[in-house]
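**Q** here is the input, now give the coordinates:
(one chain, ligands or ions: 1)
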Amino acid sequence: MEKQFQQKLLQDEFLDIIGQEPAKYQLKSALLMGRHVIIAGAPGIGKTTLAKNVAKLLPEIVVNNCGYNCIPESPACPSCKNGKKADKKKIGGIKRFVRVQGSPDLTSEDLKIFKANNGVLFFDELNRCPAKLQNALLQVLEEGKATIGSYNIDFGADLIFIGTLNPYDTATENLSEVFLDRFDLVYMTYPEELETEKRIITEKGKRVAEFPEELLTSMTGFVRGLRDNSKLEKFPSVRACMGLYERAQANAILRKRKIVEEEDVKDALISVLAHRIGLKPSAKYTETTKEFLEEEIKEKFGAASGDYR
Ligand SMILES: [Zn+2]
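**A** Numbers count the residues shown, from 1 in each chain. I've put the predicted structure just below:
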């Protein structure tokens with residue numbers, strides 16, 4: 001990767017992401033050595049934002065418009081190598097970011113690796129991909145070999161690979177040891193501090209009503225408490241917390257108030273949280289997530305409930 005990128009990497013603080021200092025540090029360290037990285041963490045904690053932050057640091061470069069982003073002086077694709085003339089184009093920053101969504105039916109044709117040449121290949125939810133595709137990906141990353149249709153081509157791709165996986169995704173756990181051995185893992189966690197999570201949701205969420213600090217603290221604390229609840233195996237994300245923040249304000253507006261009250265939060269809880277959490281099998285037989293939440297709400301906020309749950 002370019003010197004200019006390395007320089008920026010050393011200086012930049014990945015400010016699009018609030019907190020997550022250990023993850024930022026580990027990611028920088030891995031990228032400085034040009035290593036392939038997988039960011040592990042629950043959904044909605046900013047894995048994509050962090051990867052995009054990396055792409056933003058990429059300087060503008062001139063490449064051939066051949067579909068493979070070849071650098072004119074050192075072409076990589078068969079067409080440019082054979083001296084075929086191609087138009088040139090400038091790409092920089094986020095334009096050098098290519099996202100692939102992992103899924104069980106993804107084929108190697110969908111990999112779009114060529115588009116990511118000389119940029120960032122962001123591979124979301126790697127652990128949803130079939131083993132065959134993992135192998136194809138390894139071939140490209142390790143040996144620079146790619147298969148297009150029925151052709152095997154040698155392709156000296158130069159790219160930053162950032163994958164993600166969700167360790168809480170119980171449906172999938174099929175990344176092989178051989179595969180994982182080729183990557184360094186960077187772990188992102190739920191916001192370390194309650195105050196950090198409050199900052200994230202107030203800075204990134206919509207604001208249409210006044211949200212008293214104390215209520216914001218107890219609402220955020222409620223969500224964070226669920227992440228420690230022993231009955232759950234799927235936990236509410238930061239995005240869920242932000243959803244509550246916005247919906248509680250909407251409820252206040254519907255009640256013709258400009259200040260959020262507790263009942264506004266309560267009336268948003270089921271709609272925002274019930275489908276975003278999952279009970280462990282042992283608890284699943286005795287109650288639904290909705291019933292579970294009703295109990296938790298009663299415990300936290302007292303018996304009196306809102307009117308519209
Ligand atoms: Zn080319």
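
**Q** and stretch 265-285, how far out from the chain's middle?
**A** A distance of 22 Å separates the C-alpha centroid of stretch 265-285 from that of its chain, computed with CA atoms, centre = their mean, to the nearest Å.

**Q** again with stretch 189-199
**A** That offset, for stretch 189-199, works out to 16 Å (CA atoms, centre = their mean).

**Q** only C-alpha atoms, please: export it in PDB.
**A** The C-alpha coordinates for stretch 189-199 follow below in PDB (Å, rounded to 0.1, in the frame of the first residue of the first chain):
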ATOM      1  CA  THR A 189     -17.300  -4.700  21.800                       C
ATOM      2  CA  TYR A 190     -20.500  -2.900  22.900                       C
ATOM      3  CA  PRO A 191     -19.500   0.600  24.100                       C
ATOM      4  CA  GLU A 192     -17.300   0.200  27.200                       C
ATOM      5  CA  GLU A 193     -19.000   2.900  29.200                       C
ATOM      6  CA  LEU A 194     -22.600   3.900  29.600                       C
ATOM      7  CA  GLU A 195     -21.600   7.500  28.900                       C
ATOM      8  CA  THR A 196     -20.000   6.500  25.600                       C
ATOM      9  CA  GLU A 197     -23.200   4.800  24.500                       C
ATOM     10  CA  LYS A 198     -25.300   7.800  25.500                       C
ATOM     11  CA  ARG A 199     -22.900  10.000  23.400                       C
END
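
**Q** pLDDT on it, on average?
**A** Mean per-residue pLDDT for stretch 189-199: 95.

**Q** list of residues touching that stretch?
**A** With contact meaning CB atoms under 8 Å, 6 or more residues apart in numbering, stretch 189-199 is reached by 18-20, 23, 41-42, 45, 200, 216-217, 220-221, 223-224, 227, 235, 238, 241. For every residue, glycine as well, the C-beta is placed using N, CA and C.

**Q** which of those residues are close to the ion?
**A** Contacts with the ion are made by none of the contacts of stretch 189-199, judged by CB under 5 Å from the ion.
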